[in-house]
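> got a sequence here, can you build the structure:
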Amino acid sequence: MDKRGLKRIVKKEIPDLMSGVDNFEDFKFNDDDISSFECVLVPSQKPFNQVKLSIKVTFPDKYPFQPPEVRFTKHIFHPNIIKEEGKMCFGLIAASSWKPTTSMRQILTEIETFISNPDVDNPLNGEATTLFKENQNEFAKKFIASAK
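Model prediction:
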């Protein structure tokens, strides 16, 4: 798909996002480069709700036929985030299960659930997973420190 097609598709989703998505704020879109946007997640569950997490969403040229890439702008200590990259992968945006009809609102809602309720059976960060399972207080300290 060319950039005009991508821009047209993404621009259709912007009003929906700007009308409000639970637990998200501060949406930043750039009219000159519609291939990405940033926003802030305020998770709903402890200890995750003690910080605000900046997210960058990047649309591939073949969006909506390929999923967007979602990454945190900081190295977050979390069982389901690749610490060095800030990347996450979950069912909704996994290439193997991606559906072109999936909306950004659905993706963001799933991200909040995913962050607030870690999937320790499918970890991307072994150290964070072990600490989450064995010592919730120490995990919380490391998570909060990583997000500040």
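> going by C-alpha atoms from here, please, whenever you check contacts or count neighbours.
Fine.
> residue 92 and residue 34, how far apart?
Distance of residue 92 to residue 34, given as Cα to Cα, to the nearest Å: 22 Å.
> any idea how far residue 14 is from the nearest residue to residue 7 once chain neighbours are set aside?
Of all residues not flanking residue 7 in the chain, residue 34 sits nearest, at 5.8 Å (Cα to Cα, 6 or more residues apart in numbering). Look at residue 34 and residue 14: by Cα to Cα, they are 10 Å apart.
> could you do residue 112 as well?
Where residue 14 is concerned, residue 112 sits at a distance of 19 Å (Cα to Cα).
> please say which of those two ends up with more neighbours.
Remark: of residue 112 and residue 14, residue 112 carries more neighbours, 19 against 15, as counted by other Cα atoms under 10 Å.
> now the more buried one: phi and psi?
Dihedral pair for residue 112: phi -60, psi -40, per degrees, to the nearest 10.
> that one touches residue 41, doesn't it?
Yes. Using Cα atoms under 8 Å, residue 112 is in contact with residue 41, at 7.2 Å.
> pull the distance from the helix or strand of the chain with the lowest mean pLDDT to the chain's centre.
In the chain, the helix or strand scored least confidently by mean pLDDT, DSSP states H and E is helix 3-18, which has a mean of 78. Distance, stretch centre to chain centre, for helix 3-18: 18 Å (Cα atoms, centre = their mean, to the nearest Å).
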